[in-house]
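**Student:** take this sequence and fold it.
(chains A, B, C and D)
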2 protein chains.
Amino acid sequence: METTCAQAAPNPDPAAVARLCVCFNLRKAVRAVTQFYDTMLEPTGLRTTQLTVLVALSLAQRIPLRRFAERLVMDRTTLTRNLRPLERRRLVRIERGPDRRQRFMSLTGAGRAAMERALPLWQAAQSRMVGRGGAERWGALGAGLDEIVTIAQQNLSAAKSAV
Amino acid sequence: METTCAQAAPNPDPAAVARLCVCFNLRKAVRAVTQFYDTMLEPTGLRTTQLTVLVALSLAQRIPLRRFAERLVMDRTTLTRNLRPLERRRLVRIERGPDRRQRFMSLTGAGRAAMERALPLWQAAQSRMVGRGGAERWGALGAGLDEIVTIAQQNLSAAKSAV
DNA sequence: CCATAACATGTGTATATACACCTTTCTCGT
DNA sequence: ACGAGAAAGGTGTATATACACATGTTATGG
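**Tutor:** From the prediction side, this is the model:
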């Protein structure tokens, strides 16, 4: 037998919200993990965010800012600001293309060298996170995260177009 | 047959780093998810981070700052700054206790009301993320995130004590 | 009782993140 | 060829995050 209709949905229980919220749990995890990776990378003077920019850039030489931001699932203007410290340290180079609106980014020699120096420390941090035999378990989690990115992006554009 | 020993470990392949890095994948996911939740919560004037602070505070009235920060896996000083906008809007109250070093935080009536107004919107966002029948799959992911927090914290203190 | 350590918190600074708005440059229809 | 709109990017502002350092407060050993 069903409840007799027309009850207003009650607000969710705050304890359940705290336990179940996808966003909260992800943010909590990212705080813990970023602190650890950043500590491990500290001798290189690079943060994890900066290393990932260098790594992604090493895979896509001379890419315009907008496409690079999309690839990183990062707001365009966030990428602009994140490049600032790397540019100051001459690890990345930004040049105009023939279409003078576009800016093309690429790694400098110093940038590639800094990345190479940092990779062993990244490997150490990564190994301690995934541990022995963690490959399968982390594989599932990584796939879940990829899926989450897709769903969140679909939901976001649905929410925006449903003005 | 094994390789003849004594090769220096080669640097990891940048493509593998980008694909496998726990920190990078988490941060990417958190960007996408936070954007979606924040968009859904936009009518309330609260961000997801702020809502989670209100929710957590509703579960722990009059808690000192340090303990609250630990519970959220958040740096103490980060919490101080995150409280600022909520305090300005009179959603949380901060008072000294008998031990005059401590600050006790608690929700105001307005804070509780703002939380109650935001919860339905949070529920809508959450439902769209976990989807139909997503409970089990998200359950596994949530457990994985909890585990990641534990491992990252253990690794962090190990790294810090191993000066 | 006082000096010192331990403790709780705030501040200065730097990066990470994204929205709203603006400027510059290109494209395309007429 | 020109003007409207699209496209690429930057800036102003606000929050989120955390480390190094500074301040005030309590506990504690002599």
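**Student:** which SS class is residue A:93?
**Tutor:** With DSSP: H, G, I helix; E, B strand; the rest coil as the basis, residue A:93 sits in strand.
**Student:** is it true that residue A:39 touches residue B:156?
**Tutor:** Yes. Residue A:39 lies in contact with residue B:156 (Cβ atoms under 8 Å); the separation is 6.1 Å. (Each C-beta comes from the backbone N, C-alpha and C, glycine too.)
**Student:** when these two are compared, which one has more neighbours?
**Tutor:** residue B:156 (19 against 16; other Cβ atoms under 10 Å in any protein chain shown).
**Student:** what helix or strand does that one sit in?
**Tutor:** helix B:134-161 (DSSP states H and E).
**Student:** that helix packs against which elements?
**Tutor:** With contacts taken as 3 or more Cβ pairs under 8 Å, 6 or more residues apart in numbering or on different chains; DSSP states H and E, helix B:134-161 sits against helix A:22-41, helix A:109-130, helix A:134-161, helix B:109-130.
**Student:** mean pLDDT lowest where, among the ones you listed?
**Tutor:** Mean pLDDT per stretch puts helix A:134-161 lowest among these, at a mean of 89.
**Student:** is that helix in proximity to DNA strand C?
**Tutor:** No. Between helix A:134-161 and DNA strand C, judged by Cβ under 7 Å from any atom of the strand, nothing touches; the nearest distance is 7.9 Å.
**Student:** interface residues of chain A facing DNA strand C?
**Tutor:** So chain A meets DNA strand C at A:47, A:49-50, A:74-75, A:77-78, A:81-82, A:84-85, A:88, A:98-101 (Cβ under 7 Å from any atom of the strand).
**Student:** distance check, residue A:77 against chain B.
**Tutor:** Counting by Cβ to the nearest Cβ, to the nearest Å, the separation of residue A:77 from chain B is 13 Å.
**Student:** ah, wrong one, I meant residue A:43
**Tutor:** 11 Å.
**Student:** pretty sure that residue is touching residue A:121, no?
**Tutor:** Yes. Here residue A:43 reaches residue A:121: they are 6.7 Å apart, a contact under Cβ under 8 Å.
**Student:** who has more neighbours out of those two?
**Tutor:** residue A:121 (17 against 10).
**Student:** so what's the residue count around the closest residue to residue A:118 other than its chain neighbours?
**Tutor:** Once flanking residues are discounted, residue A:118 sits nearest to residue A:44: 4.3 Å by Cβ to Cβ, 6 or more residues apart in numbering or on different chains. Per other Cβ under 10 Å, the neighbour tally for residue A:44 reads 17.
**Student:** need the contact list for residue A:44.
**Tutor:** Taking Cβ atoms under 8 Å, 6 or more residues apart in numbering or on different chains, we find residue A:44 in contact with A:51, A:114, A:117-118, A:121.
**Student:** model confidence for it, exactly?
**Tutor:** Residue A:44 carries a pLDDT value of 96.
**Student:** do the same with residue A:133
**Tutor:** At residue A:133, the pLDDT value in this model is 64.
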